[in-house]
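Chemist: this one's sequence-less:
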């Protein structure tokens, strides 16, 4: 059996001008050391460090933090486009840092960092459903390689994957920005 602990916190505050700051931190650790990569905790990707792909940062122990700045671009748009009512447009800039330790893929112990930006559009659909559309771009500053086990099938004879120093884009439609 595997036993673990996770800590996840988020704190934000709004300025009088409508701008806002947010700090987020997450940590995870197994009390034992599972030796199967299936049990690794992954912190890259959409819900973690957006400047690295999901499987890039995984291990028995993980931690990351991010700091975000939000600024309104347009408020109270109240423009009707078909069944949708556009409401607000915000910009977000974020910095993030984190790492995964005891990875079955042999990542380094150095902290990985990245930066990104995002546009957020709040709207309503059919006068009832809150809809949130976002587009983000990010860049991981640290380039590193993972060595995949032999049972992994790759498109080349090489079983290493290089991550970092590449732009990543995310977009989506959701009911709330709380997950983001």
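Modeler: Sure thing, it's come through. Predicted, not measured: the structure shown is a model, and the values here were computed from it.
Chemist: pull up the pairing partners for the strand of greatest length in the chain, direction included.
Modeler: If you go by DSSP state E, the chain has its longest strand at strand 84-101. Neighbouring strands of strand 84-101 in its sheet, by DSSP bridges, are strand 61-74 (antiparallel), strand 79-81 (antiparallel), strand 112-125 (antiparallel).
Chemist: could the ones you listed be laid out in JSON lines, adding distance to residue 158 and mean pLDDT?
Modeler: Glycine gets a C-beta too; all of them are placed from N, C-alpha and C. Below are the strands paired with strand 84-101 laid out as JSON lines (distance: least, C-beta to C-beta, whole Å; pLDDT from 0 to 100):
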{"stretch": "strand 61-74", "distance to residue 158": "26", "mean pLDDT": "96"}
{"stretch": "strand 79-81", "distance to residue 158": "48", "mean pLDDT": "93"}
{"stretch": "strand 112-125", "distance to residue 158": "22", "mean pLDDT": "96"}
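Chemist: dump these to CSV, plus distance to residue 173.
Modeler: Formatted as CSV, the strands paired with strand 84-101 follow (distance: least, C-beta to C-beta, whole Å):
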stretch, distance to residue 173
strand 61-74, 19
strand 79-81, 14
strand 112-125, 10
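Chemist: just send those back as JSON lines, with distance to residue 89 and mean neighbour count too.
Modeler: Below are these laid out as JSON lines (distance: least, C-beta to C-beta, whole Å; neighbours: other C-beta atoms under 10 Å):
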{"stretch": "strand 61-74", "distance to residue 89": "4", "mean neighbour count": "17"}
{"stretch": "strand 79-81", "distance to residue 89": "11", "mean neighbour count": "10"}
{"stretch": "strand 112-125", "distance to residue 89": "5", "mean neighbour count": "19"}
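Chemist: for residue 11, find the nearest of these.
Modeler: Comparing these by their distance to residue 11 (C-beta to C-beta), the top pick is strand 61-74, with 10.5 Å.
Chemist: contacts for the closest one, please.
Modeler: With contact meaning C-beta atoms under 8 Å, 6 or more residues apart in numbering, strand 61-74 is reached by 12, 18-30, 41-43, 48-49, 57, 88-102, 119.
Chemist: and with 6 Å instead?
Modeler: Contacts to strand 61-74, defined as C-beta atoms under 6 Å, 6 or more residues apart in numbering, come from residues 18-29, 41, 43, 49, 89-98, 100-102.
Chemist: narrow the residues you listed to just the buried residues.
Modeler: With burial judged by 16 or more other C-beta atoms under 10 Å, the buried subset of those is 20, 22, 24, 26-29, 41, 43, 49, 89-90, 92, 94, 96-98, 100, 102.
Chemist: hmm, residue 128 and residue 83 touching each other?
Modeler: No. Using C-beta atoms under 6 Å, residue 83 is not in contact with residue 128, being 9.9 Å away.
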